[in-house]
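**Q** sequence plus the predicted model coming up.
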Amino acid sequence: MRAWTLTAHGDPHKVLELQDRPDPVPGAGQVLVRAEGFGLNYADTMAVRGLYRDAPPPPTVLGYEVVGRVERCGADAPPDLMGRRVVAFTRFGGHAELAVTDHRACAVIHDAVPLGEALALATQGCTAWYAAQVACPLWPGLRVLVHSAAGGVGQLLVQMARNAGCTVIAVASGPDKMRRLWELGAHHVVDRAAGDAYAAVRRALDGAPLDVSFNAVGGSTFKRDMALLGSGGRLLVYGGAERGAGGMLGTLRFVWRMGLVVPILLMMRSHGIIGVNMLRISEAHPELLARCLRAVVAAHHAGELRAHVHAEHPTCALPQAIAELAAGRTMGKVALRWPDTFAPCHEPPTH
């Protein structure tokens, strides 16, 4: 099979190579999926730079999700999955034509669902569902702040909060993203590139406390979110975009900006801090991951959630697509499709 191999950490154009690798074999409870394509997540950009500690060391094949058809079932895997089109999580190894995964990490998806939309329901969809339905359930009247709201997870969180009857304050950057968030029904849209985003958030709150923050940025935003929370307020952290580059120094700076948390003060103020890492959830509670995936697919099929696709590229454009995602120049899901042959590649535009 062909697979994109991370050979070292650094510039994706220099460290990612398309290689021939042995076909994987499904073990007990696993299925083998021949992928139509795979999706990108911000964690891919962190792993390429060596900033994602859960990623295996190079040389390795990254990737957290594929869409394709089940080609083989291992022992104890449901035989009725054979030949079915599925969206599936991969515990790495997704940037390949063939991927092996636990059968519980798959959900059957209709043939009519486009590749990019189907991929958006995996890592991004399940992160949003777990965050807003399991870890931090929402109810009418809550004031909810969504950072990185134009990203794949953020757009789904905006919709879930709006569907739950919450007042939604969405933060992103740039006019295109602003328009998209208004279209999704956010009540207040804040362009962090236009000035002090927190001044705009406070104006949107109009003196009221914040109930929930969904934060994919971390760093300095952590303390500023905490300062906005009222009694019973919850801050859910599921990313660290502010960490950026800078090696160990960048990591220390990122942690320093987040500050110190004193548990007794959390109790006195009735504040909650929740961290979400879907890889850890999948390891500890695979059935919970399966439940989230099936629920997201069902909500999309029922028209309750819309998945926005930034672009679908041929897989040969992977290095540039990762660079675009890392630079914040994407909005929604970035999908890559395997061609039948080595056709000429049209890479995503550079800026």
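**A** Now that the structure is in, tell me what you want to look at. Residues are numbered from 1 along each chain as shown.
**Q** mind picking out the helix or strand in the chain with the poorest mean pLDDT?
**A** Between all helices and strands in the chain, the lowest mean by mean pLDDT, DSSP states H and E belongs to helix 247-258, at a mean of 57.
**Q** and the next helix or strand past that helix?
**A** helix 263-269 (DSSP states H and E).
**Q** for that following helix, the distance to its chain's centre please.
**A** 30 Å (CA atoms, centre = their mean, to the nearest Å).
**Q** name the nearest residue to the residue most central in space within the chain, sequence neighbours excluded.
**A** Nearest to the geometric centre of the chain sits residue 124, at 3.5 Å (CA atoms, centre = their mean). For residue 124, ignoring the flanking residues on the chain, the nearest one in space by CB to CB, 6 or more residues apart in numbering is residue 152 at 3.6 Å. From N, CA and C alone the C-beta is placed, and that goes for glycine too.
**Q** repeat for residue 20
**A** Nearest non-adjacent residue to residue 20, counting by CB to CB, 6+ apart: residue 2, 6.3 Å away.
**Q** one more: residue 188?
**A** Nearest residue to residue 188, sequence neighbours excluded (CB to CB, 6+ apart): residue 204, at 3.8 Å.
**Q** now swap in residue 304 and tell me
**A** The spatial neighbour of residue 304 that comes closest, neighbours along the chain excluded (CB to CB, 6+ apart), is residue 163 at 6.5 Å.
**Q** residue contacts, the residue nearest to residue 124?
**A** By CB atoms under 8 Å, 6 or more residues apart in numbering, the contact list for residue 152 reads 41, 120, 124, 307, 308, 332, 333.
**Q** kindly state the beta-bridge partners for the last one.
**A** In this case it means residue 333. Counting by DSSP bridges, residue 333 is bridged to residue 309.
**Q** pretty sure it is touching residue 307, no?
**A** Yes: judged on CB atoms under 8 Å, residue 333 makes contact with residue 307 at a distance of 6.4 Å.
**Q** give me the common contacts of these two.
**A** Residues touching both residue 333 and residue 307 (CB under 8 Å, 6+ apart) are 116, 117, 120, 152.
**Q** number of residues surrounding the third one?
**A** I take that to be residue 120. Residue neighbour count, defined by other CB atoms under 10 Å, stands at 32 for residue 120.
**Q** got a list of what it touches?
**A** Neighbours of residue 120 in contact, by CB under 8 Å, 6+ apart: 39, 152, 156, 307, 308, 309, 332, 333.
**Q** pLDDT score assigned to it?
**A** For residue 120, the model assigns a pLDDT of 97.
**Q** contacts only, for residue 22.
**A** Applying CB under 8 Å, 6+ apart to residue 22 gives the contacts residue 1.
**Q** measure it to residue 65 for me?
**A** According to CB to CB, to the nearest Å, residue 22 stands 22 Å off from residue 65.
**Q** now swap in residue 52 and tell me
**A** 15 Å.
**Q** look up phi and psi at residue 23.
**A** phi -70, psi 130 (degrees, to the nearest 10).
**Q** got it, and residue 125?
**A** Here is the backbone geometry of residue 125 (degrees, to the nearest 10): phi -60, psi -40.
**Q** verify the stated contact: it with residue 296.
**A** Yes: contact criterion CB under 8 Å: residue 125 and residue 296 qualify, at 3.9 Å.
**Q** the shared contacts of residue 333 and residue 307 in strands, which ones?
**A** Judged by DSSP state E, strands contain none of these.
**Q** need the max-distance pair from those.
**A** Pairwise distances across these peak at 10.9 Å for 117 and 152 (criterion: CB to CB).
**Q** who touches both of the two?
**A** With CB under 8 Å, 6+ apart, residue 117 and residue 152 have common neighbours 307, 333.
**Q** and stretch 60-76, what's buried?
**A** Under the neighbour-count criterion of 16 or more other CB atoms under 10 Å, stretch 60-76 has 60-70, 72-74 buried.
**Q** can I get these in JSON lines with secondary structure?
**A** Conversion of these to JSON lines gives the following (DSSP: H, G, I helix; E, B strand; the rest coil):
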{"residue": "60", "secondary structure": "strand"}
{"residue": "61", "secondary structure": "coil"}
{"residue": "62", "secondary structure": "coil"}
{"residue": "63", "secondary structure": "coil"}
{"residue": "64", "secondary structure": "coil"}
{"residue": "65", "secondary structure": "strand"}
{"residue": "66", "secondary structure": "strand"}
{"residue": "67", "secondary structure": "strand"}
{"residue": "68", "secondary structure": "strand"}
{"residue": "69", "secondary structure": "strand"}
{"residue": "70", "secondary structure": "strand"}
{"residue": "72", "secondary structure": "strand"}
{"residue": "73", "secondary structure": "strand"}
{"residue": "74", "secondary structure": "coil"}
